[in-house]
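Novice: generate coordinates for the sequence data below:
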Amino acid sequence: MLEPIDDLVLVARCLKGDRGAFEPLVARYERVLFSVALRLTGDYEDARDATQDAFVRAYEHLDTFDPTRKFFSWLYRIVVNECLNLRRARRPNGPLVESIETPAGGALEAIAQSETQDRIQAALMRLTQEYREVVVLRHFADLSYEEISEALGVPDKTVKSRLFSARKRLAELLAADQRREK
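Specialist: Numbering: from 1, shown residues only. Now for the predicted structure:
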């Protein structure tokens, strides 16, 4: 992550009327927030909508941002809320992503990796929201425990505890799925 001071400077410029100052913030966080939204919603289009709506809401409510906190944490909460709103508005068990990313290499390897990704995504969607958030932020957004703590507004110990429990539950779900397939 880039230094938060850069974010603060850009936010201040936006608040003074420089609309172009928001573009670097979008460019900086769009990919990681889309990844988070994709893992939280399980649907490509929903993730795209949630990410886009989050940036619009952030821009519209930039004056509510507390500069003593990290901009990413504030923006992350907006994305999570957008994901929750989309999931509530749709069926609770909507379709999962067909394929998140196709790896380079042979067709058999691509199929195997795609199936693995699908199993992981399906298992992630069966985790509670609290567990899913910490797994996504740690393993897909590559945030540190401290960054996750700030983004979620919980102590570091809570993040570590949730992550431990989430990993254990995810392993149980994946093992149960594998047993069923045999």
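Novice: now do the longest helix along the chain: which elements does it pack against?
Specialist: Using DSSP state H to define each element, the chain has its longest helix at helix 156-181. Applying 3 or more Cβ pairs under 8 Å, 6 or more residues apart in numbering; DSSP states H and E, one finds that helix 156-181 contacts helix 107-126, helix 129-135, helix 145-152. Quick note: C-beta positions are derived from backbone N, CA and C, even for glycine.
Novice: out of those helices, nearest to residue 32?
Specialist: For the helices and strands packed on helix 156-181, proximity to residue 32 was assessed by Cβ to Cβ; helix 145-152 is nearest, at 10.7 Å.
Novice: who touches the closest one?
Specialist: 1, 69-70, 72-73, 76-77, 133-134, 137-138, 143, 155-156, 158-160, 163 (Cβ atoms under 8 Å, 6 or more residues apart in numbering).
Novice: so how far is residue 149 from residue 142?
Specialist: To residue 149, residue 142 is 15 Å away according to Cβ to Cβ, to the nearest Å.
Novice: show me where pLDDT drops low in this protein?
Specialist: Scanning the chain for pLDDT under 70 picks out 1-5, 90-110, 112-114.
Novice: spatially central, which residue of it would that be?
Specialist: The centroid of the chain falls nearest to residue 36 when counting by Cα atoms, centre = their mean (1.5 Å).
Novice: is that one in contact with residue 136, as I believe?
Specialist: Yes. Because the distance of 5.4 Å satisfies Cβ atoms under 8 Å, residue 36 is recorded as touching residue 136.
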